[in-house]
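Peer 1: build me a structure from this.
(chains A, B, C and D)
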Protein chains: 2
Amino acid sequence: MRTHELVLRQVEADLAAGKLRLGDRLPGERALAGELGVSRPSVREAIRVLEAMGVVRTAVGSGPDAGAVIVADPGSPLTATLRLHLATSHLPMGDIVQTRVLLESWAVREAAGRATPAQVAAARQLLDAMDEPDLPRERFHLLDAEFHVALASLADNVLVSTIMASLREAIHGYVIAAAPHVPDWAPVAALLRAQHRAVLAAVADGDGDLAAALVAEHIQGFYKASRVG
Amino acid sequence: MRTHELVLRQVEADLAAGKLRLGDRLPGERALAGELGVSRPSVREAIRVLEAMGVVRTAVGSGPDAGAVIVADPGSPLTATLRLHLATSHLPMGDIVQTRVLLESWAVREAAGRATPAQVAAARQLLDAMDEPDLPRERFHLLDAEFHVALASLADNVLVSTIMASLREAIHGYVIAAAPHVPDWAPVAALLRAQHRAVLAAVADGDGDLAAALVAEHIQGFYKASRVG
DNA sequence: GATACCTTGTGGTCTGACCACATGGCTGAC
DNA sequence: GTCAGCCATGTGGTCAGACCACAAGGTATC
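Peer 2: Residues are numbered from 1 along each chain as shown, chains lettered A, B, ... in the order given. Below is the predicted model:
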């Protein structure tokens, strides 16, 4: 067992035992090294891994926010992992699109009829923002991503929402890079806007099957048109 | 930008540009540090993160397998991340079960009618192994997990398979820990075996809807009975 | 009483050293 | 000439000690 893994195991044990809770601070690197009888570099390597897994957040300086604080952010590591493996081209883009369709279809079906008017209104605000003329394309895609994540969140499952958000973020760069493949952007944007409205309306009406079908068509249509991947 | 992040960015860029491919070796830690003008500890921290993300595997010694080799293992980081966040109790078990149901239902629906006889036979072998009398319970659950992952793999989507496998592994410890809640194990095991057979039969018959319904009932029933979480 | 300063503790980084390990070539015996 | 054993080499793994940048919070000053 490498030394930094020993530190990791110890921290995980403390987390599972409740000795470390959300918002708590880890002992300082020097103190932790002393407690466990290891060197500071080993502690630092362990903290890097915890940071990469979204378990701690580090900050320099002094005060209550400084040091390594326990957080719960399963999203960032997922996003980073997906992005890296996409970069190696060992994760087919088609599989990601298929997974998105599957997750989002399920989410809107779940959300249909359950979503509160306030939630629907919040999602509609995003769509309104996307209606603005002369909206830069990059901004359009960002709002688009936000809308899809908001949709997924309506199903009230943090794991699904997290996976969705990570998928969206991980492929965002590829969507932007594929922009040249859609030279005549205006009509495409108009279609996407209309599809968004239709999906949201179906959710608000409680028609889960329709919402699921619409969202699937929307996603698959976009990727087919933009030839991402 | 912290120094180790600079190293990470560089490696990711090389991966995306194709300068680093699966199976390639990273330069040695000392060489990489020299190339990028950073210190060896910073390089090591970056490699720890890459290792945690399943992008490289390190080995000591000499020869072709030594050093940091590029691999593609999106599963381990997913599993580790899920496990850690489960440990902090900030990932509800109910959400995980729900996600399993959704992914597996989709997978068997996809697999139905498409799975080859060889694939079905391979899955059936796992079920045959689970029929063995006096099978230790731990071994039963391991085979069970293998069967479910095999089912998910039939849908031919590496992302879904990976997520499934990670979910299964991350909760395995909790399933074992919940064993005392099911004191009368024999009839439960018999029910699970029968359900497995039924699901596989539906897949082989090409009846996707039935397979999806059966697998959903199977998963939800087990968690309800064992009160995991 | 308000402001500027400085002490203190945090993570961030670097240097240089030594260890354990596995390979692969070298050396010696046969 | 062949083979077994040995050791040089290069790899990651670990450590100790030092210095820096930073931010908070107390402290001295006006």
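Peer 1: pLDDT weak spots in chain A?
Peer 2: Within chain A, the ranges that satisfy pLDDT under 70 run A:228-229.
Peer 1: what comes up buried for the helix or strand residue A:13 falls within?
Peer 2: Element membership of residue A:13 [criterion: DSSP states H and E] is helix A:3-16. Buried residues in helix A:3-16, counted by 16 or more other CB atoms under 10 Å in any protein chain shown: A:3-4, A:6-8, A:11-12, A:14-16. Every residue, glycine included, has its C-beta placed from N, CA and C.
Peer 1: would you mind measuring from the most centrally placed residue in chain A to chain B?
Peer 2: Centroid check for chain A by CA atoms, centre = their mean gives residue A:165 as the closest residue, at 2.4 Å. In this view, residue A:165 and chain B are 14 Å apart by CB to the nearest CB, to the nearest Å.
Peer 1: can you tell me the closest non-neighbouring residue to that residue?
Peer 2: Nearest-residue entry for residue A:165: residue A:149, 4.8 Å, with adjacent residues in sequence omitted and distances by CB to CB, 6 or more residues apart in numbering or on different chains.
Peer 1: which strands or helices does whichever strand or helix holds that neighbour pack on?
Peer 2: Element membership of residue A:149 [criterion: DSSP H and E] is helix A:137-153. The contact analysis (3 or more CB pairs under 8 Å, 6 or more residues apart in numbering or on different chains; DSSP states H and E) places helix A:137-153 against helix A:93-111, helix A:117-130, helix A:158-177, helix A:185-205.
Peer 1: among those, which is nearest DNA strand D?
Peer 2: Ranking the helices and strands packed on helix A:137-153 by proximity to DNA strand D (CB to the nearest atom of the strand) places helix A:158-177 first, at 26.0 Å.
Peer 1: now the angle from the closest one to helix B:3-16?
Peer 2: Orientation check (axes from the mean of the first three to the mean of the last three CA atoms, to 10 degrees): helix A:158-177 against helix B:3-16 gives 60 degrees.
Peer 1: circling back: neighbouring contacts of the helix holding residue A:149?
Peer 2: Helix A:137-153 is contacted by residues A:103-104, A:107-108, A:111, A:119, A:122-123, A:126-127, A:129-130, A:135, A:160-161, A:164-165, A:168-169, A:172, A:175-176, A:179, A:185, A:189, A:192, A:196, A:199-200, A:203, A:215 when judged by CB atoms under 8 Å, 6 or more residues apart in numbering or on different chains.
Peer 1: wait, the residue nearest to the centre of chain A sits on residue A:79?
Peer 2: Yes. With contact defined as CB atoms under 8 Å, residue A:165 counts as touching residue A:79 (7.4 Å).
Peer 1: hang on, the earlier thing: can you say which of the contacts of helix A:137-153 are buried?
Peer 2: Buried among the contacts of helix A:137-153 (16+ other CB under 10 Å): A:103-104, A:107-108, A:111, A:119, A:123, A:126-127, A:130, A:160-161, A:164-165, A:168-169, A:172, A:175, A:189, A:192, A:196, A:199-200, A:203, A:215.
Peer 1: domains of chain A: list them as residue ranges, please.
Peer 2: A:3-70, A:75-226 (automatic domain parsing).
Peer 1: near DNA strand D, which residues of chain A are found?
Peer 2: Listed as neighbours of DNA strand D in chain A under the rule CB under 7 Å from any atom of the strand: A:2-4, A:33, A:37-42, A:45, A:60-66.
Peer 1: which of those residues are close to chain B?
Peer 2: Applying CB under 8 Å from any CB of the partner chain to the residues of chain A next to DNA strand D, one finds that A:4, A:41, A:45 fall near chain B.
Peer 1: turn the helices and strands packed on helix A:137-153 into CSV, including distance to residue B:71.
Peer 2: Formatted as CSV, the helices and strands packed on helix A:137-153 follow (distance: least, CB to CB, whole Å):
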stretch, distance to residue B:71
helix A:93-111, 19
helix A:117-130, 39
helix A:158-177, 19
helix A:185-205, 38
